[in-house]
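K.L.:
A predicted structure for the sequence below; I have some questions about it.
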Amino acid sequence: MIDDDPLALKNLRRVLEKDGCRVSTFSSPVRALERLEGESCDLVISDVKMPQMDGLALLERINRLVPGVGVILITGYASLDGAVEATKSGAYHYLEKPFTPDRIRSLVRQALREKALRDDCLRQEERKVSGGIGPVIIGRSPKMVRVGELIRQIAPTECSVLITGDSGTGKELAARAIHALSGRHSGPFVAFNCGAFTEDLIANELFGHEKEAFTGATSRKPGLLTAANRGTLFLDEIGDMPLSMQIKLLRVIQEREVIPVGGTRPVALDVRFIAATAKDLKAAVREQVFRQDLFFRLNVININLPRLAERCQDIPLLAYHILHKCSKSARKPIKTVSREAMRLLENYAFPGNVRELENILERAVAMCRGDVIQTSDLPSDLSEVEIYSFERPDRGHLNLEELEKDYIRHILQITGGVRTRAAEILGIDRATLWRKMKKYNLD
Amino acid sequence: MFQRILVVFENEEVSCRALSYAQKLAHRMDSEVGLLMLVEMAFADRAFLGSKRNSILRLENRIGKALGRLSSGFLEKGISVSVALRIGDPAQELFKFLAERPSFQAVIWGSHETLPHRNRPKRRHWIEKVSDSLECPLLEVAAKPEQKVPDVKVR
């Protein structure tokens, strides 16, 4: 805290220390800069008019010395020009005197929260670069914390995983995280989009073909299933796979072997399957456009990724993470997002989810002239319109029958179909298990 | 991939704001756009169109031209666009339309700025009722309070 008025320093210090902050006060900006060189801090609060150094000049020096530290400038002679200049130079806020203790407390809390988010992003980025922990699932909302825990829990197992969630929620990223945390991390991760090809092309891409299997097949081509051997195959948009292909895929998953198109000899496979879809596969099974047996094979573990609108508290953290990534690749020294711009982002519905946020910030980085993303750098529709998204019923909840069916199927899989052992685990007798298997068609 | 956005209009009513938002969203997400005009008309017996035949022809002619004008705005911005007109029960026609095509990633309601009967559950608009059954989010575009402008007829 820097101010040439000792009384103002004393009062401010008392207000912030009551809030749990550790405060160092300086009446000379030069002394404060000397201290900043040797010791880190999270936030600087400085008066603008000081005899030794102007607040704006101090701000510039701080930005060069310790980039990333927020600066709140306080002035008794507030003007619009001054506020604009301060914000352009990267000040976190330009506060006019007189102000209430609550006002400064809330500003400081907000600035510290944002700094913590930015630091968190940087730490994750550094860990990623140095440690090779794979993709990072960003989010502190309860739903994303649960997703992160589930990924860590199931990654080391060999179970097939079905990742569900709307377009742009990060299904491939989650799949990559599972692969990176699994025992197969040194093996290949092969991604394939089932919705982008016709049936013949899917067969050719997945299974490969033998030489002269069809006109134009001049050489043998191994398929993606073989390419993913000892690794993970990620089948995106599995709900769009044609029915006739589904039975072939089911056979591969069951038998753990593949016969290339035009071939006769099966090739053994050691692949973990992760599938993803934005569709309601249970409804597709009911409508008989998706095979129930394939659904059960893939849906051993289900991870549902929430829409960005359902976890809007993660928007600042994601925004800083994306900003850091984009500014690095664009080689622009953009430090942060202004509070107004962040408010706009937080209030937008993001129908395109994280991918849309990424696109918006990528454009903003390209448009930004200073080192802070302003509202003018964001697309105009964010400030012009309000988007209401009609809530769809939460399809993640199972009714009791569905839950029972899923659990029995899971236990039967674990026990390799040994009913005596399954009945023991389930705490029911074999006759009851048999009845339930018949009821749910689990043979 | 966020590949396809559908904008649904009802009875020739077009919200410029929804249209403009669809353009911006499609541009941002590099998506194709479908414009679907649903016109409500009751058919007691499909075998006898009778006097409706002429009015349907006139309707097709008029709305076809209007949809052409709307789509040109997208084409000028380099956004791939397709248009369709369906006449009958709007909810049924919407589902039939969706069933015939690859899935859309978002449906934007393109008619009224705020849906009629909103917050009155007993008289919900048909699009609100079907929103539960859609596979993608249904979005309604409204002006920020200070920027309300009236809807326009495409005629």
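P.N.:
On my side now, so go ahead.
K.L.:
So A:Ser219 is in contact with A:Ala213, correct?
P.N.:
No. With contact defined as CB atoms under 8 Å, A:Ser219 and A:Ala213 do not form a contacting pair (10.4 Å). Placement of C-beta: from N, CA and C, glycine included.
K.L.:
So these two - more neighbours on which side?
P.N.:
Counted by other CB atoms under 10 Å in any protein chain shown, A:Ser219 and A:Ala213 do not tie: A:Ala213 has more neighbours, with 17 against 8.
K.L.:
List phi and psi for the more buried one.
P.N.:
Main-chain torsions, A:Ala213, degrees, to the nearest 10: phi -70, psi -30.
K.L.:
That one: what's it in contact with?
P.N.:
A:Pro260, A:Val261, A:Gly262, A:Gly263 (CB atoms under 8 Å, 6 or more residues apart in numbering or on different chains).
K.L.:
neighbouring contacts of the lowest-mean-pLDDT helix or strand in chain A?
P.N.:
Of all helical and strand segments in chain A, the minimum by mean pLDDT, DSSP states H and E falls on helix A:80-88, at a mean of 73. Contact partners of helix A:80-88, identified using CB under 8 Å, 6+ apart, comprise A:Val48, A:Gly55, A:Leu56, A:Leu59, A:Leu73, A:Thr75, A:Tyr94, A:Ser338, A:Gly370, A:Val372.
K.L.:
Determine which two of the residues you listed are furthest apart.
P.N.:
A:Thr75 and A:Gly370 (20.3 Å; CB to CB).
K.L.:
Break chain A into its domains for me.
P.N.:
A:6-119, A:142-304, A:308-383, A:391-439 (automatic domain parsing).
K.L.:
So which of those is nearest B:Phe104?
P.N.:
Closest approach to B:Phe104 among the domains of chain A is made by domain A:142-304 (9.8 Å; CB to CB).
K.L.:
still on that earlier bit, can you tell me which of the domains of chain A has the worst average pLDDT?
P.N.:
Mean pLDDT is lowest for domain A:391-439 out of the domains of chain A, coming in at a mean of 79.
K.L.:
thinking again about what came up before, anything in contact with each of A:Ser219 and A:Ala213?
P.N.:
Residues touching both A:Ser219 and A:Ala213 (CB under 8 Å, 6+ apart): there are none.
K.L.:
Give me the buried positions along the biggest helix by length in chain B.
P.N.:
Secondary structure of chain B per DSSP state H: the longest helix is helix B:52-76. Of all the residues in helix B:52-76, those buried under the rule 16 or more other CB atoms under 10 Å in any protein chain shown are B:Ile56, B:Leu59, B:Ile63, B:Ala66, B:Leu67, B:Leu70, B:Ser71, B:Phe74.
K.L.:
Please convert those residues to JSON lines, extending it with distance to A:Ser28 and pLDDT.
P.N.:
Output for the buried residues of helix B:52-76, formatted as JSON lines (distance: CB to CB, whole Å; pLDDT from 0 to 100):
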{"residue": "B:Ile56", "distance to A:Ser28": "84", "pLDDT": "85"}
{"residue": "B:Leu59", "distance to A:Ser28": "80", "pLDDT": "88"}
{"residue": "B:Ile63", "distance to A:Ser28": "74", "pLDDT": "92"}
{"residue": "B:Ala66", "distance to A:Ser28": "71", "pLDDT": "91"}
{"residue": "B:Leu67", "distance to A:Ser28": "70", "pLDDT": "92"}
{"residue": "B:Leu70", "distance to A:Ser28": "65", "pLDDT": "91"}
{"residue": "B:Ser71", "distance to A:Ser28": "66", "pLDDT": "93"}
{"residue": "B:Phe74", "distance to A:Ser28": "61", "pLDDT": "93"}
